[in-house]
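K.L.:
any chance you can model this:
(chains A and B)
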Amino acid sequence: MFLTTEEERMLAGEEGRATRKAMQILVALGEIYGAERLVEVSSVQVSGVSYKNLGDAGLEFLDELAADGRARVKTTLNPAGMSLTDWKSQGIQPSFAEKQLRVVDAYRRLGIEISCTCTPYLAGNEPEFGQHIAWGESSAVAYANSVIGARTNREGGPSALAAGLTGRTPLYGLHLQKNRVPTLTVDVGVPLGSPEDFTAMGYAVGKMVPDGIPLFRGIRMASLEDLKTLSAALASSGGVAMFHIAGLTPESKAEPASAERAAFSSKDLEEARASLDDEGVPDFVSVGCPHCSLTELAALARLLKGATVKKEFWVCCSREVKRRSDEAGLSKWIEESGAKFALDTCMVVAPVEELGYRVVATNSAKACHYLRNAGLRVRFMSLEDCVAEAIRGR
Amino acid sequence: MRLAGRAIYAGRAEGLALVSSVPMSFYGGVNPDTGEIVERGSDLRGQSVKGRILVFPHGKGSTVGSYVLYRLAKNGAAPAAIVNAKCETIVAVGAIISEIPCVDMVDVGKISPNVRVRVEGTTVEF
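P.N.:
Numbers count the residues shown, from 1 in each chain, chains lettered A, B, ... in the order given. This is a model prediction of the structure:
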């Protein structure tokens, strides 16, 4: 692989140990995937934040890098396993919290913004069309490639971090135009009227194309919230890192690479929605997977105004979107109802199963997928029904 | 026999081969403290990777698996070296950050279980 003089210096250790380690990772990945060279990135999103996954060794690794490593480009962080400020009221053990805070401190010393959100594109890390970026967090990867038209592979924690510390990533995969064309055309024969329809369809199609690029036809409109939850669903049931919607997404005019076709009917949608729904009475309600947008918070404020929730109800969002919600006077309606903002974290990465809950109501297929993996039962319903469920009690 | 491959992380190691014919997942598949393989469906379930020349086609599963390799190394339970048919991101990154010698692009089918293997740079000898 070709390296510039500056990159050679990084690899030789002339810019410190952390930079050297980062460059070793990028060069090895470049060799494996046949990259001709590295490409400069304008934005990085790092996954691998929860102490539950990193353990003491992961923490030690980050500490070592933080000794002399610094992010060279805008680098933001995925959610952690708890709120960084209100972990006690979330029921998190002090032993876990202490380690989680040390992980976050290491990232801070590495010059990374402690944004702790899976929706960096709603919280100040907003790449532009055509830019090369290196993002972890599969739902944000799918959103960035598909909706924004920025270019990223599906990075893991260390490879995204390596990109942040060097400002580079190997030029292969979705960074190249030829790999961004559809591999499957999906004719959608049913009107999708809500984010729940989009997320259910995404979950079903993600299973059909484990790592391909679907092109959806027949979708006439989609909101940011529809596209956000579609991205998350496609990336959780499969490994989809990019999709197109004919007439809507910026690269949807690309010619399909293959003639492979599939149809998605009203019956498929019904089945997809039903497949996400278990039985049981929810004892926990959560929305914001991926983290809520300001529009969703406005809807929640309208629905919760003057009401009282009778179940544990988490509204997951970034601190940045919460700040905008505060300014718009929306947060107080949500908080006065008894619903809790879950900042820096979410129902997927927080140890919800260890907090004693059994059945979770949510409006996200991705959340259903991971909560089931954690041994919980899920009820899949709209945002409005989630609020109704929380208010009704039982 | 001497096989020439590609060094993902160049180094030198010697040990007995532990050979899996199926892809391996480290996150959830290997106990990060002991090195015991716990993955359901693995043909090596119950065995430990500690100190072995771990031979398998390629990695799979969550990218958090790279940190599992690092935890194994810190706990003294890592394989002495890794030999793959085709290395992918999880194992490559794990080997680099853990400084575990790792070679790929070799015919792993030629390596029999429990033979003594020496890994050096880009070569695998047994």
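
K.L.:
which residues of chain B lie near chain A?
P.N.:
Counting by C-beta under 8 Å from any C-beta of the partner chain, chain B comes close to chain A at B:6, B:8-9, B:27, B:32, B:63-64, B:66-67, B:70-71, B:73-75, B:87-90, B:92-93, B:96-97, B:104. To be clear about C-beta, it is placed using only N, CA and C from the backbone, and glycine gets the same treatment.

K.L.:
are any of those buried, and which?
P.N.:
Among those, those classed as buried by 16 or more other C-beta atoms under 10 Å in any protein chain shown are B:6, B:8-9, B:27, B:32, B:63-64, B:66-67, B:70-71, B:73-75, B:87-90, B:92-93, B:96-97, B:104.

K.L.:
list the contacts for A:His132?
P.N.:
A:His132 sits next to A:Val39, A:Glu40, A:Val41, A:Ser42, A:Ala150, A:Arg151, A:Thr152, A:Thr169, A:Leu171, A:His175 when contact means C-beta atoms under 8 Å, 6 or more residues apart in numbering or on different chains.

K.L.:
for A:Pro195, same thing?
P.N.:
Taking C-beta under 8 Å, 6+ apart as the test, what A:Pro195 contacts is A:Ser223, A:Glu225, A:Asp226, A:Lys228, A:Thr229, A:Asn363, A:Ser382, A:Leu383.

K.L.:
show me which pair in these is furthest apart.
P.N.:
A:Lys228 and A:Ser382 (15.0 Å; C-beta to C-beta).

K.L.:
picking up where we left off before, just the ones of the contacts of A:His132 in strands?
P.N.:
Using DSSP state E, the members of those that fall in strands are A:Val39, A:Glu40, A:Thr169.

K.L.:
which strand residues bridge the last one?
P.N.:
Legend: beta-bridge partners of A:Thr169 under DSSP bridges are A:Val39.

K.L.:
closest to A:Val73 among the contacts of A:Pro195?
P.N.:
Nearest to A:Val73 out of the contacts of A:Pro195 is A:Lys228 (C-beta to C-beta; 23.8 Å).

K.L.:
what pLDDT does the model give that closest one?
P.N.:
You'll see A:Lys228 listed with a pLDDT of 98.

K.L.:
and for it, nearest residue in space, chain neighbours not counted?
P.N.:
Leaving aside its sequence neighbours, A:Lys228 sits nearest to A:Pro290 (C-beta to C-beta, 6 or more residues apart in numbering or on different chains; 5.3 Å).

K.L.:
re the thing from before, between the contacts of A:His132, which is nearest B:Ser20?
P.N.:
When those are ranked by distance to B:Ser20 (C-beta to C-beta), A:Thr169 comes first, at 30.4 Å.

K.L.:
now do that closest one against A:Gln131, distance only.
P.N.:
Using C-beta to C-beta, to the nearest Å, we find A:Thr169 at a distance of 12 Å from A:Gln131.

K.L.:
okay, those two: which has more neighbours?
P.N.:
A direct count of neighbours by other C-beta atoms under 10 Å in any protein chain shown for A:Thr169 and A:Gln131 places A:Thr169 higher, at 30 against 16.

K.L.:
list the contacts of the more buried one.
P.N.:
Contact partners of A:Thr169, counting by C-beta under 8 Å, 6+ apart, are A:Leu26, A:Leu38, A:Val39, A:Val41, A:His132, A:Ala134, A:Thr152, A:Asn153, A:Glu155, A:Ser159, A:Ala163, A:His175.

K.L.:
what's the burial count for the second one?
P.N.:
Which is A:Leu38. For A:Leu38, the number of neighbouring residues by other C-beta under 10 Å comes to 25.

K.L.:
which residues of chain A score low on pLDDT?
P.N.:
A:257, A:394 (pLDDT under 70).

K.L.:
strands of that one, start to end?
P.N.:
A:38-40, A:43-46, A:74-77, A:134-135, A:168-170, A:184-188, A:214-217, A:244-245, A:261-264, A:284-287, A:312-317, A:340-343, A:359-362, A:377-380.
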